[in-house]
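A.B. asks: Generate coordinates for the sequence data below:
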Amino acid sequence: MTKEKFVAKFAEKADETKKRSAELVDAFLEVAEKALHKHETVKFTNWGTFEVRKTSPRNGRNPNTGVSIKIPSKSVVRFKAGKGLTEKVNNKK
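C.D. replies: Take a look at the predicted model:
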């Protein structure tokens, strides 16, 4: 689902205009991005958790040349689905 389609569904469900819904979705995303930028966890009980983790530096290999390269560590965003979301996706509720 694209952001545009999500905003349209959100507008319908919240009985809002598409413009207002887009503003609300953008505000939500901005708040989440700022929290993750500060390495804060964004948790929605029974739905899921977004968190930032740091990968370890490791050795890799260039597939074209076979030359060994060093891959630096970096921060990545992880999402872990909560029990409620997992059950709904698996049609258990």
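A.B. asks: Hmm, L85 and N46 touching each other?
C.D. replies: Yes - N46 lies in contact with L85 (Cβ atoms under 8 Å); the separation is 7.4 Å. C-betas here are computed from N, CA, C, even on glycine.
A.B. asks: Quick check: which ranges of the chain have low pLDDT?
C.D. replies: The model of the chain has pLDDT under 70 over residues 92-93.
A.B. asks: From the contact counts, what lies against the longest helix belonging to the chain?
C.D. replies: Across the chain, the helix with the greatest residue count (assigned by DSSP state H) is helix 18-37. Contacts defined by 3 or more Cβ pairs under 8 Å, 6 or more residues apart in numbering; DSSP states H and E place helix 18-37 against helix 3-14, strand 42-44, strand 48-54.
A.B. asks: Okay, now the sheet partners of the shortest one, with direction.
C.D. replies: It refers to strand 42-44. Its sheet considered, strand 42-44 pairs with strand 48-54 (antiparallel) by DSSP bridges.
A.B. asks: Compute the inter-axis angle for the partner strand and helix 18-37.
C.D. replies: Put simply, strand 48-54 runs at 40 degrees to helix 18-37, going by axes from the mean of the first three to the mean of the last three Cα atoms, to 10 degrees.
A.B. asks: roughly how far apart are E4 and E30?
C.D. replies: Remark: distance between E4 and E30 (Cβ to Cβ, to the nearest Å) = 18 Å.
A.B. asks: Over to L85. Which of the three states is it?
C.D. replies: With DSSP: H, G, I helix; E, B strand; the rest coil as the basis, L85 sits in helix.
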